[in-house]
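Q: coords below, sequence missing:
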């Protein structure tokens, strides 16, 4: 077994190459860290379809110099709103009011595009695919390094960032008594389909214990997603046929989109969330990030946005040469309360969407209609404290120009 020597520049190992992990790798690299990303898969091709980036996520990506490029490539979500299964609009989105309130639009793009753009900002050979990393020792700030096993090698690091997903092995190592993620009651489907004959408005449709979402991408193709209450682990032999069974009677273009999906192009995943918060997001020299730290239901569309927030806040607090322990404590203090509040808010929306009895659904539609009549200022208030987030004042460009 070999133990490679650590470079003179402080070294960080990032476990997992999801959006949060890659953003952390870029932000830490820009801040002066020698960065290695370990990914168990054979390539960086992400599991998923599309992703929506709210203004808070875009501002996080601005910190690493990527926000404008994302806004240029992505589809800006204009108009749209919320419907019921017959197609009746329950409320409409005022995109101008949204942008004015939160400092920008909601944008949607292919998840693979976002991964490629972030990874392109890393030096060559930073990302090691087919390299599952296992946290062996979280290390001690000011003392022994952290240790990560990769095959027969053990790599030492001044810092480990564990962004290894909802079922994080690193989280179990750091917090072995924590109950971990719980099943939310929802299963989800995601797909990408070619452009339809007629352009589509972005929308979500809420039915009894079910929902459907359609989001156009910049090239005219569609990112579609669905969710339904279902027993954990339930699967169908043909998930496209399962979608038709559940959603085939809903308004157009829902059946049309399902018909246009490739038979093997429908992804299905059960939704788990960390409704029991972790006491902190770090131990020793190791920090948790993204779903590993605060998995949430997708009902607010904030999972990826919160992960990139984590990444830039972590790098902000961990300037090389400064007290690592104090920096990690500051990261946890910044992120744990905020992300748990978002986890709880997403869970509340999931409960709202899970209503399935006819009287409850009718009441929900009445209340949504009432909110719509009160105007966009009231309807958008739910995003306050989440979408209006801004990153720390000092950016990496500030550091470069001011030493």
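A: Right, received. Where do you want to start? Bear in mind that the values here come from a model prediction, so they are computed numbers and not experimental data.
Q: would you say residue 204 is within a strand?
A: Yes. Checked against DSSP: H, G, I helix; E, B strand; the rest coil, residue 204 lies within a strand.
Q: got the contact list for it?
A: Residues near residue 204 by C-beta atoms under 8 Å, 6 or more residues apart in numbering: 81, 82, 83, 211, 212, 213, 214. C-beta here means a position set from N, CA and C on the backbone, and glycine is covered the same way.
Q: burial of residue 296, as a residue count?
A: Neighbourhood size, residue 296 [other C-beta atoms under 10 Å]: 27.
Q: let me know the helix or strand that it is in.
A: Using DSSP states H and E, residue 296 is not contained in any helix or strand.
Q: neighbours of residue 242, how many?
A: By other C-beta under 10 Å, the residues close to residue 242 number 21.
Q: ok, so what distance separates it from residue 187?
A: Between residue 242 and residue 187 the computed distance is 10 Å (C-beta to C-beta, to the nearest Å).
Q: where does the prediction get shaky in this structure?
A: The model of the chain has pLDDT under 70 over residues 1-7, 46-48, 77-78, 393-403.
Q: how about the helices in the stretch 101-250 of the chain?
A: For the stretch 101-250 of the chain, the helices defined by DSSP state H, counting those that start in this stretch cover 111-119, 169-174, 239-247.
Q: ok, and for the second one, which residues are buried?
A: I take that to be helix 169-174. Using 16 or more other C-beta atoms under 10 Å as the burial criterion, the residues of helix 169-174 that qualify are 169, 170, 171, 173, 174.
Q: from memory the fourth one sits against residue 135, does it?
A: Going back to what we said before, that points to residue 173. Yes. Assessed by C-beta atoms under 8 Å, residue 173 is found in contact with residue 135 at 5.0 Å.
Q: check contacts around the spatially closest residue to residue 18 that is not a sequence neighbour.
A: Nearest residue to residue 18 in three dimensions, chain neighbours excluded: residue 163, at 5.7 Å (C-beta to C-beta, 6 or more residues apart in numbering). The contact partners of residue 163, taken as C-beta under 8 Å, 6+ apart, are 14-16, 18, 20-21, 24, 288-292, 307.
Q: closest one to residue 325 out of the residues you listed, please.
A: Residue 325 has its nearest neighbour among the contacts of residue 163 in residue 288, at 15.7 Å by C-beta to C-beta.
Q: residue 311 versus that closest one, what's the distance?
A: 12 Å.
Q: max-length strand in the chain?
A: In the chain, with assignment by DSSP state E, the single longest strand is strand 182-193.
Q: buried ones in that one, by neighbour count?
A: By 16+ other C-beta under 10 Å, the buried positions in strand 182-193 come out as 184, 185, 186, 187, 188, 189, 190, 191, 192, 193.
Q: could you do stretch 117-134 as well?
A: Across stretch 117-134, burial judged by 16+ other C-beta under 10 Å covers 117, 118, 119, 121, 122, 126, 127, 131, 132, 133, 134.
Q: and it, how far apart are its ends?
A: By C-alpha to C-alpha, to the nearest Å, the extent of stretch 117-134 from end to end equals 27 Å.
Q: what's the answer for stretch 372-391, then?
A: This stretch, stretch 372-391, spans 31 Å end to end (C-alpha to C-alpha).
Q: what residues does it touch?
A: For stretch 372-391, the external contacting residues (C-beta under 8 Å, 6+ apart) are 54-56, 59-60, 62-63, 90-92, 94, 97-98, 101-103, 300, 302, 309, 312-313, 316, 338, 341-342, 345, 371.
Q: among those residues, name the buried ones.
A: The neighbour count (16+ other C-beta under 10 Å) marks 54-56, 59-60, 62-63, 90-92, 94, 98, 101-102, 300, 302, 309, 312-313, 316, 338, 342, 345, 371 as buried among the contacts of stretch 372-391.
Q: rewinding a little: for the residue nearest to residue 18, grab phi and psi.
A: Dihedral angles phi and psi of residue 163 (degrees, to the nearest 10) take the values phi -120, psi 50.
Q: so which helix or strand takes in residue 82?
A: Element membership of residue 82, judged by DSSP H and E, is strand 81-83.
Q: center of this protein, which residue is that?
A: Nearest to the mean C-alpha position of the chain, counting by C-alpha atoms, centre = their mean, stands residue 304 at 1.7 Å.
Q: packing partners for the helix or strand where that one lies?
A: Per DSSP H and E: residue 304 is located in helix 303-317. Applying 3 or more C-beta pairs under 8 Å, 6 or more residues apart in numbering; DSSP states H and E, we find helix 303-317 packed against helix 19-30, strand 50-53, helix 55-63, helix 291-294, helix 324-353.
Q: of all those, which one comes closest to residue 260?
A: Residue 260 lies closest, by C-beta to C-beta, to one member of the helices and strands packed on helix 303-317: strand 50-53, at 14.9 Å.
Q: what lines up beside that closest one in the sheet?
A: Using DSSP bridges, strand 50-53 pairs in its sheet with strand 107-110 (antiparallel).
Q: that older thread, who's in contact with the longest strand of the chain?
A: Applying C-beta under 8 Å, 6+ apart, the external contacts of strand 182-193 come out as 48-50, 110, 217, 221-230, 232, 234, 239, 243, 257, 260-262, 265-276, 297-298, 347, 350, 354.
Q: show me which of these are buried.
A: For those, a burial check counting by 16+ other C-beta under 10 Å picks out 48-50, 110, 217, 221-228, 230, 239, 243, 257, 260-261, 266, 268, 270-275, 297-298, 347, 350, 354.
Q: among the residues you listed, which are in strands?
A: Per DSSP E, strands hold the following members of the buried ones among the contacts of strand 182-193: 50, 110, 222-228, 268, 270-273.
Q: got the angle for the helix holding residue 304 vs strand 267-273?
A: 60 degrees (axes from the mean of the first three to the mean of the last three C-alpha atoms, to 10 degrees).
Q: what distance separates helix 303-317 from the centre of its chain?
A: The chain centroid and the centroid of helix 303-317 are separated by 10 Å, computed with C-alpha atoms, centre = their mean, to the nearest Å.
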